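Chemist: Here's a sequence, model it:
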Amino acid sequence: MSGKVLDIGCGRDLVVPHAQPFDLPHGDANYIVRYLPAESFDCVHSSHCLEHMQSPPESLAEWWSLVKPGGHMVLSVPEESLCEQGRWPSIFNTDHKWTFRKGTAASWSPVSLEVVELVEKLLRCEVIEITVQDHGYDYSLCDEPKPVSVLYVWGAIDG
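Modeler: Below you'll find the predicted structure:
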């Protein structure tokens, strides 16, 4: 994450020390283009913020518009089965508005979004990797074996 980096929803914990923060005091991330110019960042990062947006497809498109040609976006969202553990509305975070899954057509969640489909709709986007991170996860903690809590998504704009 070099160059000019934007960290959306970071609170006080920036992804890298030189990142520009964007959180509630800076404005509404649902409509981030009201506050920041298009194609102004080499990298846009967001960890566990997209599930709080009113419309993830629209918010994600706005976030993506901030990335310069040749730049990258790195997202982390909670995987629905582990994070919410089959319960909706969320009993773990009452502000969660959406759940996310990777590569499955069906979901137990009434507000589920398939992350591959979501990211592939972004214009000029080449998806580099979408992966479920479960290294060190103890699957015995769930009632049934389920995917892990975090999906990482990397994308790049064609230069």
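Chemist: quick one, phi/psi of C83?
Modeler: phi -60, psi -50 (degrees, to the nearest 10).
Chemist: how about stretch 22-38: buried residues?
Modeler: By neighbour count on 16 or more other Cβ atoms under 10 Å, the buried set for stretch 22-38 is F22, A29, I32, L36. Bear in mind the C-beta positions are built from the backbone N, C-alpha and C, glycine included.
Chemist: In a markdown table, list those residues along with secondary structure and pLDDT.
Modeler: Formatted as a markdown table, the buried residues of stretch 22-38 follow (DSSP: H, G, I helix; E, B strand; the rest coil; pLDDT from 0 to 100):
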| residue | secondary structure | pLDDT |
| --- | --- | --- |
| F22 | strand | 98 |
| A29 | helix | 98 |
| I32 | helix | 98 |
| L36 | coil | 98 |
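Chemist: which helices and strands sit right next to the lengthiest helix in the chain?
Modeler: In the chain, with assignment by DSSP state H, the single longest helix is helix 56-65. Helix 56-65 is packed against strand 41-47, strand 67-78, helix 115-120, with contacts defined by 3 or more Cβ pairs under 8 Å, 6 or more residues apart in numbering; DSSP states H and E.
Chemist: closest one to W98 among those?
Modeler: Of all the helices and strands packed on helix 56-65, it is strand 67-78 that lies closest to W98, at 8.5 Å by Cβ to Cβ.
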